[in-house]
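[1] the following block contains a protein sequence and its predicted model.
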Amino acid sequence: MSDALPLPLQLIWLVPLYGFSGMLLSLPWATGWIKRNGPRPAAYLNLLVTLLAVLHGSLAISEVVTLGPQHLDFPWFQAADLNLRIGFDLSLTNLAALELVTTMSLVCQVFALGYLDKEWSLARFYALVGFFEGAMSGVVLSSNLFMSYFLLEMLTLSTYLLVGFWYAQPLVVTAARDAFLTKRVGDVLLLMGVVAVSAWAGSMEFADLYAWAAQAREQNLITPLAGTLLGLGLIAGPMGKCAQFPMHLWLDEAMEGPNPASILRNSVVVTCGAIVLMKLMPVVALSPVATDVLLVVGSISAIGGGLVAIAQVDLKRAFSYSTTSYLGLVFIAIALQQPGLALLLLFAHGLARALQFMSVGSVIATTNCQDLTELGGIGTRMPATATAFLVGSAGVVGVLPLGGFWCYGLLVENLRQLAPLFAAIFLITNLLAAANVARVFRSVFLGPALPKTKRTPEANWLMALPMVSLTVIVLLLPAIMQRIDPVPGIGAFSLPVAAAVVGSGLVGVLLGSLTPLDAFWSRSRQPVVRVVQDLLAYDFYTPEIYRRTIVNLVASVARLTRWFDIQVIKGGVDGIGRLSMASANSLKLTVSGQLQSYLLTVLVAVVLCITALQAVRGAI
Amino acid sequence: MLLSSLLLIPFLGCLALLVWPGSPTPGRLRQITIVMLVAQLILSLVTAAQFDPMAPGLQLQEHHSWVPGIGLDYALGVDGLSLPLVLINGALTLVSAVITRDISKRPRLYFAMLLLISGAVNGAFLADNLLLFFLFYELELIPLWLLISVWGGVNRAYAATKFLIFTAVSGMLILGAFLGLALLTGTVDFSLTPVLSERLAMGGQLWLLGAILIGFGIKIPLVPLHNWLPDAHTQASTPVSVLLAGVLLKLGTYGLLRFGLQLFPEAWARLAPALAIWAAVSVLYGSLAAIAQTDMKRMVAYSSVGHMGYVLLAAAANTPVSLLGAVFQMVSHGLISALLFLLVGIVYRKTGTRDLEVLRGLLNPERGLPLTGSLMIVAVMASAGLPGMAGFISEFLVFRGSITAFPLATLLSMVGSGLTAVYFLLLVNRAFFGRLAITPPSGDATSDARLDVQLNSVAPRETIPALALAASIVFIGLVPSSLGNLSEVASTALANLTAGVG
C-alpha cells in the first residue's frame, strides 16, 4: 500500500520515535552511569533528535502538499474480533500540528539549556522532555482512538514526572500527585468510553468511528443514555488534559515544575488534548447532553479562568489560569462545530503562550522570584524579555493585529448569528485576558525597582535566542495563518466585529492599567472586595471543595473497608479459630473414658453424615 | 518426555540438595539451586519453542497409567493457557532463588523447598488429570507453609497457620468437587478432556461448581476469602512473597478457568452474572483496602486481591478477547507483583522498615535509593495500567472483552483500576518523594526525625532481577503479540466451547 509513497512519508513512524530515542539516549547520564562529562551530552543528543524530527516533519509536509493527505498503518495486536493498529493520518492539519509540537519542543530544549544551567539532573529533564515530545508527536498524527489513548496516558505519566522533577520539595510532591490523579480520573473515564466504543463500533480508526456514529444516529443503534454516557466519557479525557473546569486544578499546581516544561504544557500539551477532542467530536455529537456539557464547561473555564487569573500573585499561575480560560474558548468552538477556527485559535494561542512563558521564565531565572508583589521595574534592563512579553501577550489577546485578534474576529463573526451568547463570552474572556496581561506587565516591568529586581541583567543567550526567534515568529504569525488558513481568509469578518474585539481588549487593558497596584496593600481592606479577591485568588476554593468531597469520600470509604476487613473478616476468621480452640479445650475435659459414650458419639455422627448426604443427593 | 523433565529437574534437584554430602555453604546451595532453575527455565523455553500455537488442544502429551482403579493417571499436556504460566513459574522461581542472599537458617531445607514448589506448580499447570492436578496442588502447600513458618517474620506462626488452614479447606473443596463429579457421573475417569458434566443435572453441576469456585476463590483470593493473603505476605520473606504473588495465586485463577469454566460450561453460564458482580466487589474491595494500608507490603498484597478480580471478571464474561485478557492479566500480574515485592524487599533491607508513615524521600540520588525508586515508579505505573507496559494491555483486553456482557461490573472494575493509581501514587509520593528522612511514626517530627540518613547503596547485582522483570513488563506491553500468539487459540477454543453450550 505504502510502496508508492516517498520515503519521508513511509518513515513517518520514526517521528514519535525520535522523541522516545532521545529519552533512551539520555539514560546513561540520567541514571549516573556516565558521570565524568556532566549531563550536557544528553541535552545535545536530545536537541539533535528533535531537530531531526522537525526536519522530517517539514519534508513530510512538502510531500503531502504535492501528494495530498495520506494514511499509513501497521498491525500491532490482533485477537479474535479485536484489531489494534498503529495508524498515522498524514493530513496537512496533523502535520502542521506535528511541526508545532516538534518546533516548540526544540525551542524549549534550547531555552532549558539556559534556564536549567546549573541543574545537576539536567539529563533526567531531557529524558523526560524526549518522552513528552514523542508522545505528543504520536497523538497529533494518530489515526485511531486506541493509539491516541495510549499516548495520552503516556503524556499523563510524563507530566507527572516533569511536575515532580524537583521531587524533594513538599509543594512539588502534592502538585505531582494532583496532576497525575486529576488527569487519571479523566483518563479512566476516557478509557471507559474507548472500551465501549471499541466494542460497539468494532473498529477504532477515527474514519470508521465517524461512519459508525452516522449510522448509529440514523438507525438508533445505541440508547440515548448509552450515547450520553459515551459522550461524557470521551470528553472527560480531553477535559483533564486541557485543564478544564472541574479538572483544572492540576495546571495551576503544575507550575511548581521547571519552567521549560511549563512552556510545553501551556502551549502544546493542552493543544494535544484539544486535538483529540476535535477528532472525537463526531462521536461525541451523538449526545446532545455531552455537547451541552462541553459548552458549559468551556464557558465556566473561559470566564472563571480569566477571573481567577487576575487575582493571582504568582507570575506563572497568572498565566496558567489564562491557558485554562483560552482552552475553554477552544472547547466552545469545538462544541459549536467550528473545528477549523478552533485549530487556528489553538495554533495562535500555543505560539503566543509559549512566548509569554519564555519571558516569564527569563524573569524568574534572573530574579529567582515569581511573586508579582516583589517584582518591578525590570522593563528597561531586560528589553528583550519585555518585548517578548509584550509580543506574546499581544499575540494572545485581541487588541493589536496579531494572531489572537484575527482568531477572535473570525470566531465572533461566526458565532454572532449562531450563538450570540458565546460570542459575548469570547469578548468577555478577551477583556479579562487583556486586563490580566496589562496588570502583570505593570507590576513586573514598570514602576520602581524593588530589592529583588535591582540587579537584573538580560537573560543569557541560550534563553534569549529562542525567545527572540519566537518573538519574530509570533509577529509574523498573521502571515503564516494567512497561508495555512483552513477557512477562507483570516480577515473574513466585518468592521463592527473588529471594533468589538479591539474595544473589549482596550477596555481590558485600560482596566488593567488603571487599577491601583500596591504591593503592600495587594489584599484589600474593604471586606466585600476582600471576599471577592480571596474567592478568586483561591480559585473559588476548588481545592478545598475537592478535599472536603471526593478526597474525603474516598478516604472514608477506604478507612471503612479497612475497618471492615480487620473487624469483620479478620475478626470472624480469628473468632472461628478461637472458638475451635476453646471447644477443643472444653471437649478435652469431657473425656470420660467410658466406651459407650464414645460409641454413641460415633453413631450420632455417622447418622448425621448419612442424613446430610441423602439430603444433598435429594436436592440434586 | 519434555514435560516430565520439567517436573523431574526440580524434584531431583530438591532431592539432591537434601542428600548432598558434607555441609555445603549456603552460597554453594544457592548456586546449585540456580543451576537447576536455569535448566528448568531453559526447558520451559524449549517447550515454548516446540509448542505449536496454531494447534488447538493439549500438546506434547504424555500418558501413563498410574493407579487405574481410582482413575489416577500420570497424564501431562500443555496448551496456550498453561504454557505462559509454566514460563513465568520458571522465571519467577529463578528470581526468588537469585534474590535469596542472606539465608543462614537451614539453607539446605530452604532451597530444597523452593525447588519442590517450582516442580509442584509445574505439575499442577501441566496435569491432564484431575487427581494428578490435586496431588500437585496439595504438594505445593507444604513447602510454602514451611517457607513462611520457618523463615518468616515475627508473627509467622499465626500467618503460616492461617495460610495452611485456608488452603487446606480450598484443597478439600476441590477434591470434594472432583470426587463428587465421579460420584454423580458414576465413572472414575478423571482425565480432563471429556466434558463429563454434560450428563449431569443442572443442580448437581451448580453444587460442584460452587465447591470449585470457593475452593479456588480461596487460592486466588477473592473477597471475602482473602484474609490469609495479607498476613502471609507480610510475614513471608521477599523471595517467598515473590513466589506467592507471582506464581501460586495463579494456581487459583488457572483452576478457575480449567476446572470451573471448562468442566462446567452450562453451570458457569448460569452463574456468570453473579460472578461478574463478585469480581467487581473483589476489585473495589481490594483497591479500597489497599488505600488505607500503611505497610507497603500489605498494600501490594491488597492490590493483588484487586487485580486478580479482573481475571474472574474476564472468566465470567467468557469471550475470546476477555479470556485472552485473563491469560495476559495472570502473566502481567505475576511479573508486576513480583517486581513490586522485590523492590519493597530492597527498601526493607536497606531501611529496616516498610512503614509509609516513616519513610520519606527515598529517591534521593546520593544518599537514597534512586534506581530502586525509579524502578518502583515503573512498577506502580505498570500496575496502575499505564500504556506501554504489560498491565495496560491486559486490563484493556479484559475490559474490552467484558463490557458488552457485563457493562456495570466492567465499569466498576475500571474504577478499581483508577483506584490502583491512587494507592500506588500515594506509596511513591509518601516514601520516595520529598526530603530523605526516616521518621518514627509518632512524636515530634523535627527532633526525632533522622534527617541525616545515609542508606547503603544497592549493589547492581541486587537490582539485576528487578531490571529483568521491568524489561519483560515493558516488552509485553510494547509487543503483546509475543504472548498473544501463544494463547489466542487456546482462549478462543475455551470461549467457543462454552458458546456452543450456552
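    Great, that's in hand.
[2] next structured bit after the lengthiest helix in chain A?
    In chain A, assigned by DSSP state H, the helix with the most residues is helix A:170-201. Using DSSP states H and E, the helix or strand that follows helix A:170-201 in sequence is helix A:206-219.
[3] what lies in contact with that following helix?
    A:89, A:143-145, A:197, A:200-203, A:221-222, A:227, A:279, A:282-283, A:285-286 (C-beta atoms under 8 Å, 6 or more residues apart in numbering or on different chains). In this view, the C-beta of every residue, glycine as well, is placed from N, C-alpha and C.
[4] now stretch A:135-143
    A:12, A:15-16, A:18-19, A:53, A:71, A:73, A:87-90, A:94-95, A:97-98, A:101-102, A:105, A:147-148, A:150-152, A:154-155, A:158, A:205-207, A:268-269, A:272, A:275-276.
[5] ok, of these, which come out buried?
    Listed as buried from the contacts of stretch A:135-143 are A:12, A:15-16, A:18-19, A:53, A:73, A:87-90, A:94-95, A:97-98, A:101-102, A:105, A:147-148, A:150-152, A:154-155, A:158, A:205-206, A:268-269, A:272, A:275-276; burial here means 16 or more other C-beta atoms under 10 Å in any protein chain shown.
[6] tell me which of those residues fall in helices.
    A:15-16, A:18-19, A:53, A:94-95, A:97-98, A:101-102, A:105, A:147-148, A:150-152, A:154-155, A:158, A:206, A:272, A:275-276.
[7] now B:Phe133: which helix or strand?
    With DSSP H and E as the criterion, the answer for B:Phe133 is helix B:130-139.
[8] what packs against that helix?
    Helix B:130-139 is packed against strand B:72-78, helix B:107-126, helix B:156-185, helix B:249-255, with contacts defined by 3 or more C-beta pairs under 8 Å, 6 or more residues apart in numbering or on different chains; DSSP states H and E.
[9] any idea of the pLDDT on residue 267?
    No chain in the question, so chain A it is. If you check A:Ser267, the pLDDT there is 91.
[10] actually chain B
    89.
[11] quick check: chain neighbours aside, which residue is closest to it?
    Sequence neighbours aside, B:Gln205 is the residue nearest to B:Ala267 in space, at 3.7 Å (criterion: C-beta to C-beta, 6 or more residues apart in numbering or on different chains).
[12] for the helix or strand hosting that neighbour, packing partners?
    Taking DSSP H and E as the definition, one finds B:Gln205 inside helix B:202-219. The helices and strands touching helix B:202-219, judged by 3+ C-beta pairs under 8 Å, 6+ apart, are helix A:595-619, helix B:156-185, helix B:249-255, helix B:265-291.
[13] state the mean pLDDT of the helix or strand following that helix.
    The C-terminal neighbour of helix B:202-219 among helices and strands, as given by DSSP H and E, is helix B:228-235. Average pLDDT, helix B:228-235: 93.
[14] now do helix B:228-235: distance to the chain's middle.
    Mean-position distance between helix B:228-235 and its chain equals 14 Å (C-alpha atoms, centre = their mean, to the nearest Å).
[15] let me see the contact set for the residue most central in space within chain A.
    Residue closest to the mean C-alpha point of chain A, counted by C-alpha atoms, centre = their mean, is A:Lys241 at 2.7 Å. A:Lys241 sits next to A:Leu152, A:Leu155, A:Lys183, A:Gly186, A:Val269, A:Val270, A:Cys272, A:Gly273, A:Ala274, A:Val276 when contact means C-beta under 8 Å, 6+ apart.
[16] farthest pair within those residues?
    Distances among those were taken as C-beta to C-beta; the most separated pair is A:Lys183 and A:Ala274, at 14.5 Å.
[17] who touches the helix holding B:Phe133?
    B:66, B:70-75, B:116, B:120-121, B:123-124, B:127, B:171, B:174-175, B:178, B:181, B:190-192, B:251, B:255, B:259.
[18] please repeat the previous calculation with a cut-off of 6 Å.
    B:Leu72, B:Ala120, B:Gly123, B:Ala124, B:Ala127, B:Gly171, B:Leu175, B:Phe178, B:Phe190 (C-beta atoms under 6 Å, 6 or more residues apart in numbering or on different chains).
[19] orientation of it relative to strand B:72-78 in degrees?
    Between helix B:130-139 and strand B:72-78, the angle comes out at 80 degrees (axes from the mean of the first three to the mean of the last three C-alpha atoms, to 10 degrees).
[20] extract the CA atoms of helix B:130-139 and return them as PDB.
    Extracted C-alpha coordinates of helix B:130-139, given in PDB (Å, rounded to 0.1, in the frame of the first residue of the first chain):
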ATOM      1  CA  LEU B 130      -8.000 -34.000  37.900                       C
ATOM      2  CA  LEU B 131      -6.500 -36.200  40.600                       C
ATOM      3  CA  LEU B 132      -3.000 -35.600  39.400                       C
ATOM      4  CA  PHE B 133      -3.700 -31.800  39.500                       C
ATOM      5  CA  PHE B 134      -5.000 -32.200  43.000                       C
ATOM      6  CA  LEU B 135      -1.800 -34.100  44.100                       C
ATOM      7  CA  PHE B 136       0.400 -31.300  42.900                       C
ATOM      8  CA  TYR B 137      -1.900 -28.600  44.200                       C
ATOM      9  CA  GLU B 138      -1.600 -30.100  47.700                       C
ATOM     10  CA  LEU B 139       2.100 -30.800  47.200                       C
END
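[21] and that helix with helix B:202-219, angle?
    30 degrees.
[22] which SSE is immediately downstream of helix B:130-139?
    Following helix B:130-139 in sequence order, the next helix or strand is helix B:141-151 (DSSP H and E).
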